[in-house]
Each structure stands twice: as C-alpha cells, then as structure tokens.
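K.L.:
Quick one, structure for this:
(chains A and B)
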2 protein chains.
Amino acid sequence: MRRETLDDNLTQLQSMLDEMAPLVAAAFRNASTALLEDRHRLAEQVVARDPIIDGHRAAIELLAVETMNLHQPVVAPLRSVVTALRCAQALERMGDLARHIAEAVARTGDGSAIPPEAHALFTEYGARVAAMGDKAVTVLRTRNVVLACELETDDDAVDEVHRQVFELMFGADWTAGVPAAVDLALLARFHERFADHTVHLASHVVYAVTGSTPEEIAL
Amino acid sequence: MRRETLDDNLTQLQSMLDEMAPLVAAAFRNASTALLEDRHRLAEQVVARDPIIDGHRAAIELLAVETMNLHQPVVAPLRSVVTALRCAQALERMGDLARHIAEAVARTGDGSAIPPEAHALFTEYGARVAAMGDKAVTVLRTRNVVLACELETDDDAVDEVHRQVFELMFGADWTAGVPAAVDLALLARFHERFADHTVHLASHVVYAVTGSTPEEIAL
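P.N.:
This next block holds a predicted model:
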C-alpha cells in the first residue's frame, strides 16, 4: 500500500466519523426534546433524518474496506479478522439478551414471568427465534450464503409475532396489569433483538465470504 | 507476517467462533424454556454462564488483535480502520435508538408520550444521556482518554435514573395505565442503550489510541 494513500484514507475516515458523530448526538437531543415537549414535527424530523446517519455509516464502511483492499496481499485474511471481531461482538450481545430473559425469570420468585394469556404467543416467539439462533450457528460454521439470506425472511415472521404481543397487551382483554405488561414488552424486545443479531451475524459471514453485503447480493 | 502463522490464526479464529456460537444459541434456548416452563434453576444457569460467553469473546478479540499485530508495519493504521468500523456501527445504532424515541413521540397523535408523573425523571434522564452523547463526540474528535474513562462513571448515574423509572411505574401511585407503562419502559431502555453505546464508543477510541481497553488501563 502506498503510505500516503493510507494516511489520506485514515485522515478521511477520522473526519467522516467527526462529521457523523454530532448528527447522532443531535438526533438524541432532538428526540429527547420532542419527547419532553410533545413536539411531533421535531420527532418526525429525527425519524426522517435517520437514513442520513445510516448513509454516513455506509460511506465509512466503504472507505474502511477500500483502505484494507489497498493492501492487496492480505485482503481476504483481514476481512476474516474483521468478521471474527464483528461476529464475536454480535454473539456476546446475543448472550446478554438471553441473560436478560433468564434474569426476568429468576426475578419472578415463585410466579411465572409471563401471564397465561401470553403463553401461546411466546411459545411461538421463542421457537422462531431459537431456530434463527441455530441457523446462525450453521451459517457461521458452513459459510452457507443462501442460508444466511434466509434469515432476513425469518426475521419478518418474527416481527409479525412481536406486533401481536403488543396487540395483546393493549387490548381490552388484558387483565395482567402494569408490571406484567412492562416485563412482557421488554421480554419481547429481547427476543426481537436476538433475532436481529442473527441477521447481523449472517450478513457479517456473507461479507467475509463474498466481500459484499446481502443487500448488494440481492440487487 | 509469516503466511503459515496467519493461516493458523485464521483457522483458530474460525474454530473459536464455532465454539462460541452454539453456547449463545443454547443460552437463548434455555432462557426461552425457563421462561415458558417457569424453570428458575435453568434461568439462573443461563445468567451464571454468561461470563463464559464474554470470555470467549475476549479470547477471540485477543487473537484477532494479535493476528493484526503480527503484521507489524501497518498495525496502528489497521487499528484505526477497525476502530472506524466499530465506531460507525455504534453510531448507527445510537441513531436508531434516537429514532425509536422519536417514533414513540410521532405515534402519540395529540397526546404526550410520557405521563406528567414521569416528566421530571425523563427530563433528568434525557439531559444526562444527551450530555454523554456530546462527551462521546468530543472523545471521538479529541481522542481524550481521560474524558473517555469519565463516561463509565456517567453511565452509573444513568443506571440509577433508569432504576427510578421502574420504581415509579411499579409503585401504587401509577395511574397512567398499561400502554403508558409499556411505552415508558421501552423509552427508558432506548435512553439506557444510547448511554451504553457512548461508553462503547469511548472504549473503541481508547483502544485505537493505546491498543488497550479502558478496563486494562484501570488495572
């Protein structure tokens, strides 16, 4: 790699991060203000501007990968190292989410962490997310790109179950009270996030194998 | 870098990931079973085993960094590239969390997303987290390691506010009902996670500057 190109790219990466970070800080500040002062227009602005933040991230990833690509002889191995770091991070986070679910159970003492009316729904939710976890393990081991792309579709089905949980809690039939609803909302979120991370894991693997993201492959 | 060492390390990284991933899938499966069947002992097992998963991650990070270190001439620049990737990822996620807060506001129609009794608490919560966001921006720009370490302490104060939100909702005085409590629990979580990510961001920067994590520096 030409040393000056590397230095240029690193300077550029830093200034791109410096440009991105204040947008994120401002997004939180505006969201918080919108929340406290009921400013719907401001809230809609935060939502509308989120793709800009995502775009910054994509641009930084592109340049980071390009910087590594400049270094031809070791590009594929380096991609593997970066992927290992990302996967380990996602897996640790998934472990935390499983722990959060377990902590909710451990906290309940003698009772049940989910009220009877939510049991069927969480049975389906748990089974779907656990299956995604197993699929992610297989993707990681076999580097099967087709299986990796399947996880996106699996995630849509999980989002539908997630929606049903909230429908149940907000319906007139909900008699389990406030703490049960709060616990259930967080449990649902832990399930949802675990599923999201299986999709991230798969896309890291796809990147390691192909050098492209699943979205690029789908194009 | 000796080619064979690199290949050995990459093979080793892959097999470490293959060892870690099933532990995470099993953690979720056990947490889900514990939840559905009220199995407290199983839940406690998942909680107790989470540090093992964290240990796997630490081992993978160590080997990944060592693999990059083998490649002497570009180690510091590569560290910067990896840091840029990680920071961009954290920042994107923080943007999503701000968006989630804004979406909750946008969804409320004419009303307020937080009931009056929670207003003071969320004013403090929002201000603290927004300040952490600003501090993270400064850390990213200035690479100030001392300021980075401060964020850990800031996060403890935020955790205390988080605890108070749940105390409020689960108290006898809570009259705002189920949907308001569920929304508030999720809003609190979005605040908490945004704060967590400012700590992650800071630790990525500390790693880029020093090659060590804040925990190692604190030792």
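
K.L.:
For chain B, tell me whether the longest helix along chain A is touching it.
P.N.:
Selection of the longest helix in chain A by residue count, based on DSSP state H, yields helix A:3-37. Yes - counting by CB under 8 Å from any CB of the partner chain, chain B is contacted by helix A:3-37 at A:6-7, A:10, A:13-14, A:16-18, A:20-25, A:27-36. The C-beta positions use only the backbone N, C-alpha and C, and glycine is treated the same way.

K.L.:
tell me the domain ranges of chain A?
P.N.:
A:1-70, A:76-219 (automatic domain parsing).

K.L.:
how about those domains, which one is nearest B:Thr123?
P.N.:
domain A:1-70 (5.8 Å; CB to CB).

K.L.:
Can you give the distance from whichever strand or helix holds A:Ser80 to the centre of its chain?
P.N.:
Taking DSSP states H and E as the criterion, A:Ser80 maps to helix A:75-107. Chain-centre distance of helix A:75-107: 11 Å, with CA atoms, centre = their mean, to the nearest Å.

K.L.:
any idea of the mean pLDDT in the helix or strand that that helix is followed by?
P.N.:
Scanning forward in sequence from helix A:75-107 by DSSP H and E, the next helix or strand is helix A:119-142. Mean per-residue pLDDT for helix A:119-142: 93.

K.L.:
Check stretch A:84-91 too.
P.N.:
The model assigns stretch A:84-91 a mean pLDDT of 82.

K.L.:
Would that stretch count as contacting chain B?
P.N.:
Yes - applying CB under 8 Å from any CB, one finds that stretch A:84-91 is in contact with chain B at A:84-89, A:91.

K.L.:
And for A:Val105, nearest residue in space, chain neighbours not counted?
P.N.:
Nearest residue to A:Val105, sequence neighbours excluded (CB to CB, 6 or more residues apart in numbering or on different chains): B:Ala43, at 3.7 Å.

K.L.:
list the contacts for that neighbour?
P.N.:
B:Ala43 sits next to A:101-103, A:105-106, B:30-31, B:34-35 when contact means CB atoms under 8 Å, 6 or more residues apart in numbering or on different chains.

K.L.:
I'd like to know how far the spatially closest residue to A:Ala84 that is not a sequence neighbour sits from B:His40.
P.N.:
Excluding the flanking residues, the one nearest A:Ala84 by CB to CB, 6+ apart is B:Leu13, at 4.4 Å. With distances taken as CB to CB, to the nearest Å, B:Leu13 is found 36 Å from B:His40.

K.L.:
Just want to know which of the two has more residues nearby.
P.N.:
Between B:Leu13 and B:His40, B:Leu13 has the larger neighbour count (other CB atoms under 10 Å in any protein chain shown), namely 23 against 17.

K.L.:
hang on, the more buried one packs against B:Thr67?
P.N.:
Yes - using CB atoms under 8 Å, B:Leu13 is in contact with B:Thr67, at 7.1 Å.

K.L.:
Now list whatever residues contact both of these two.
P.N.:
A:Val81.

K.L.:
what stretches of chain A score poorly on pLDDT?
P.N.:
A:1-4, A:69-79, A:212-219 (pLDDT under 70).

K.L.:
coming back round to it: what about burial for the residues of stretch A:84-91 next to chain B, which qualify?
P.N.:
By neighbour count, with 16 or more other CB atoms under 10 Å in any protein chain shown, the residues of stretch A:84-91 next to chain B hold A:84-89, A:91 as buried.

K.L.:
neighbours of A:Thr153, just the number please.
P.N.:
A:Thr153: 9 neighbours (other CB under 10 Å).

K.L.:
ok, and it, which helix or strand is that part of?
P.N.:
helix A:145-170.

K.L.:
Are that helix and chain B in contact anywhere?
P.N.:
Yes - for helix A:145-170 and chain B, the contact criterion (CB under 8 Å from any CB) is met by A:166, A:169-170.

K.L.:
count of neighbours near the residue lying closest to A:Arg99 once chain neighbours are set aside?
P.N.:
Distance criterion CB to CB, 6+ apart; nearest residue to A:Arg99, sequence neighbours excluded, is B:Asp50 at 4.3 Å. By other CB under 10 Å, 20 other residues sit near B:Asp50.

K.L.:
again with A:Val161
P.N.:
A:Val161: 20 neighbours (other CB under 10 Å).

K.L.:
now it, nearest residue through space, not along the chain?
P.N.:
Nearest one to A:Val161, counting by CB to CB, 6+ apart, is A:Tyr125 at 4.8 Å.

K.L.:
need the contact list for that neighbour.
P.N.:
A:158, A:161-162, A:165, A:188, A:191.

K.L.:
Looking at those residues, which one is closest to chain B?
P.N.:
Of all these, the one with the least separation from chain B (CB to the nearest CB) is A:His191, at 8.0 Å.

K.L.:
and the closest one, what does it touch?
P.N.:
A:101, A:122, A:125-126, A:129, A:158, A:162, B:32.

K.L.:
What's the separation between it and B:Ile53?
P.N.:
Distance from A:His191 to B:Ile53, by CB to CB: 18 Å.

K.L.:
again with A:Met20
P.N.:
Between A:Met20 and B:Ile53 the computed distance is 30 Å (CB to CB).

K.L.:
Also A:Asn9?
P.N.:
Separation of A:Asn9 from B:Ile53 (CB to CB) stands at 34 Å.

K.L.:
quick one, which of the two is more surrounded?
P.N.:
Legend: neighbour count by other CB under 10 Å for A:Asn9 and B:Ile53, higher for B:Ile53 (25 against 21).

K.L.:
quick one, what contacts the more buried one?
P.N.:
Neighbours of B:Ile53 in contact, by CB under 8 Å, 6+ apart: A:91-92, A:95, B:20, B:23-24, B:27.

K.L.:
Run a quick check on A:Pro115 versus A:Pro179, I expect a contact.
P.N.:
No - checked against CB under 8 Å, the pair A:Pro115 and A:Pro179 is beyond contact range at 10.4 Å.

K.L.:
out of the two, which sits in the busier spot?
P.N.:
A:Pro115 (19 against 15).

K.L.:
State the distance from the more buried one to A:Val165.
P.N.:
12 Å.

K.L.:
Done for today, thanks.
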